[in-house]
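Peer 1: Could you work out the structure for the sequence below:
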Amino acid sequence: MSIRAVVWDVDDTLFDYTAADRAGMRRHLSAEGLLERYETVERALAHWREITDQQWARFSAGETDWVGQRRDRVRVFLGSPGSLGRSLTDAEADAWFDRYLAHYESVWALFPDVLPVLDALADTHRHAVLSNSSLLVQDRKLRVLGVHDRFEAILCAAELGVSKPAAEAFHAACDALGLPPHQVAYVGDHPEIDGRGASDAGLLSIWIDRDSAHTVTVAASGGPRRIASLAELPAILGADTRFGAPSTFG
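Peer 2: Predicted coordinates:
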């Protein structure tokens, strides 16, 4: 099997979304005077992440649109405990989310292993992005992070009308590159949405599990390859480079 291109997830794969979201929301809640509503900061941040995951699932299922899931995140978050959010107008919900975004964007950063692996694979593989976000968000994010020009194509669920783990999403990325799925690798952080989804769509699936937080079982063959660092990727792809390390998972 000859892999000619790598398609990348963005959040928590290239971009340290979790760290930025936590730091940005902590600053935002402090500025809004909302931390006292919770027993601990950790509980406040966990509540925000739970709501974010729930609303993302609704968006991925087509139950709401991109703007709607943002407004619903705000309304649900402010509505419990208490009832601040339930009566928010769209404009008020948007303004609250925009204030959060200012804090969140101030701490954006790539993972340390991203630039080395993109450099190592620059001459051997083509690159694209497939995200369950929107093009408006991810295009700007990749520009701010300084890696936008590394990718031939940037595809997002909001514009595609289909989300990972649907095979159609992965095949759209392959079509954008003009390559069949078996010549494309996909790298993402979620074991099912990214890992299993890409594998079922016929791509070489690489699941990046940096903190070993997941306890799911990965098939020995035919399923996603599990790695702990992007430093392992060139060896898996057979790239002609000295960059890389043996898998820590076996």
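Peer 1: Point me to the helix or strand that includes the spatially closest residue to Gly223 that is not a sequence neighbour.
Peer 2: Take Gly223 and drop its neighbours on the chain: the residue closest to it by Cβ to Cβ, 6 or more residues apart in numbering is Ser199, 5.2 Å away. For the C-beta atoms, the positions are set from N, CA and C on the backbone; glycine is no exception. Counting by DSSP states H and E, the element that carries Ser199 is helix 197-200.
Peer 1: Any figure for the gap between the residue nearest to Gly223 and Ala172?
Peer 2: Plainly put, Ser199 is 17 Å away from Ala172 if you go by Cβ to Cβ, to the nearest Å.
Peer 1: ok, which stretches of the protein are helices?
Peer 2: 17-32, 41-60, 66-79, 90-105, 114-121, 135-144, 157-160, 167-177, 197-200, 233-237 (DSSP state H).
Peer 1: so which of those comes closest to Ile3?
Peer 2: With Cβ to Cβ, the closest approach to Ile3 among the helices of the chain belongs to helix 233-237: 5.2 Å.
Peer 1: can you give me the offset of the closest one from its chain's centre?
Peer 2: With Cα atoms, centre = their mean, to the nearest Å as the basis, helix 233-237 stands 21 Å off its chain's centre.
Peer 1: from now on call the first residue 19
Peer 2: Renumbered: residue one is now 19, and that last one reads helix 251-255.
Peer 1: If we go by neighbour counts, what in it is buried?
Peer 2: By neighbour count on 16 or more other Cβ atoms under 10 Å, the buried set for helix 251-255 is Leu251, Pro252, Ile254, Leu255.
Peer 1: Among Ser217 and Ala190, which residue is more densely surrounded?
Peer 2: Just comparing Ser217 and Ala190: by other Cβ atoms under 10 Å the higher neighbour count belongs to Ser217, 22 against 19.
Peer 1: wait, that one sits on Ile224?
Peer 2: No - Ser217 is beyond contact range of Ile224, at 9.7 Å (criterion: Cβ atoms under 8 Å).
Peer 1: which residues do these two both contact?
Peer 2: Here Ser217 and Ile224 have Pro242 as joint contacts, going by Cβ atoms under 8 Å, 6 or more residues apart in numbering.
Peer 1: ok, back up a step: now for the buried residues of helix 251-255: which two are most distant?
Peer 2: Checking those with Cβ to Cβ, the most distant pair is Pro252 and Ile254, at 7.3 Å.
Peer 1: Now Asp218: closest residue in space, sequence neighbours ignored.
Peer 2: Closest to Asp218 by Cβ to Cβ, 6+ apart is Ala185, at 6.3 Å.
Peer 1: repeat for Val135
Peer 2: Spatial nearest neighbour of Val135, chain neighbours left out: Leu248 (4.2 Å); criterion: Cβ to Cβ, 6+ apart.
Peer 1: Distance of Gly179 relative to Pro252?
Peer 2: For Gly179 relative to Pro252 (Cβ to Cβ), the value is 34 Å.
Peer 1: Show residues contacting stretch 148-168.
Peer 2: Residues contacting stretch 148-168 (Cβ under 8 Å, 6+ apart): 25-29, 32-33, 74, 77-78, 84, 123, 126-128, 132-133, 136, 140, 145, 147, 169, 172-177, 181-182, 187-188, 190-191, 204, 211.
Peer 1: per-residue pLDDT, Gly80?
Peer 2: Looking at Gly80, its pLDDT stands at 88.
Peer 1: Counting neighbours, what do you get for it?
Peer 2: Gly80 has 11 nearby residues by other Cβ under 10 Å.
Peer 1: ok, Trp114 - contacts?
Peer 2: Glu50, Val92, Leu96, Leu106.
Peer 1: Can you pull the phi/psi pair for the nearest residue to Pro199 once chain neighbours are set aside?
Peer 2: Nearest non-adjacent residue to Pro199, counting by Cβ to Cβ, 6+ apart: Gly220, 3.6 Å away. Gly220 has phi and psi values of phi 90, psi 10 when expressed as degrees, to the nearest 10.
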